[in-house]
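Student: Need coordinates for the following:
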Amino acid sequence: MSYEIPLPMPDQLTKKPITNALELHGHLEKNGFKPIAVVVDNANARVVVYFSSELSDRDKKRLVDTVVEFYRKWIGVEK
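Tutor: Predicted structure coming up:
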């Protein structure tokens, strides 16, 4: 199962280094997720996370929140 997450403020990607898929994968694991793979598409400002099974609605929301939190820290913009 894959989940595509659009990244907010795509213009910030031109000012910061590209988002690192390996670091994001580790961040997701630290937050209780077990992704099979993480693909970061910096050019189109989105992340695709692959899992072996479908996530619950609650976990889907938590996944989006976790990815966006990581991204905001990565580009230097906190909530």
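Student: Go through the protein and flag its longest helix.
Tutor: helix 57-75 (DSSP state H).
Student: Output that helix as PDB, nothing but the C-alphas.
Tutor: Taking Å, rounded to 0.1, in the frame of the first residue of the first chain, the C-alpha atoms of helix 57-75 are listed here in PDB:
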ATOM      1  CA  ASP A  57      -7.500   6.200   9.300                       C
ATOM      2  CA  ARG A  58      -5.800   7.300  12.500                       C
ATOM      3  CA  ASP A  59      -2.400   6.000  11.400                       C
ATOM      4  CA  LYS A  60      -2.800   7.700   8.000                       C
ATOM      5  CA  LYS A  61      -3.300  11.000   9.700                       C
ATOM      6  CA  ARG A  62      -0.400  10.400  12.000                       C
ATOM      7  CA  LEU A  63       1.800   9.500   9.000                       C
ATOM      8  CA  VAL A  64       0.900  12.800   7.200                       C
ATOM      9  CA  ASP A  65       1.600  14.700  10.400                       C
ATOM     10  CA  THR A  66       4.900  12.900  11.000                       C
ATOM     11  CA  VAL A  67       6.100  13.500   7.400                       C
ATOM     12  CA  VAL A  68       5.100  17.200   7.500                       C
ATOM     13  CA  GLU A  69       6.800  17.700  10.900                       C
ATOM     14  CA  PHE A  70      10.000  16.100   9.600                       C
ATOM     15  CA  TYR A  71       9.800  18.300   6.400                       C
ATOM     16  CA  ARG A  72       9.200  21.500   8.400                       C
ATOM     17  CA  LYS A  73      12.300  20.800  10.500                       C
ATOM     18  CA  TRP A  74      14.300  19.900   7.500                       C
ATOM     19  CA  ILE A  75      13.600  23.200   5.700                       C
END
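Student: how distant is that helix from the center of its chain?
Tutor: Relative to its chain's centre, helix 57-75 lies at 6 Å (CA atoms, centre = their mean, to the nearest Å).
Student: Only the buried residues of that helix, if you could.
Tutor: By neighbour count on 16 or more other CB atoms under 10 Å, the buried set for helix 57-75 is Leu63, Thr66, Val67, Val68, Phe70, Tyr71, Arg72, Trp74, Ile75. C-beta: built from backbone N, CA, C; applies to glycine.
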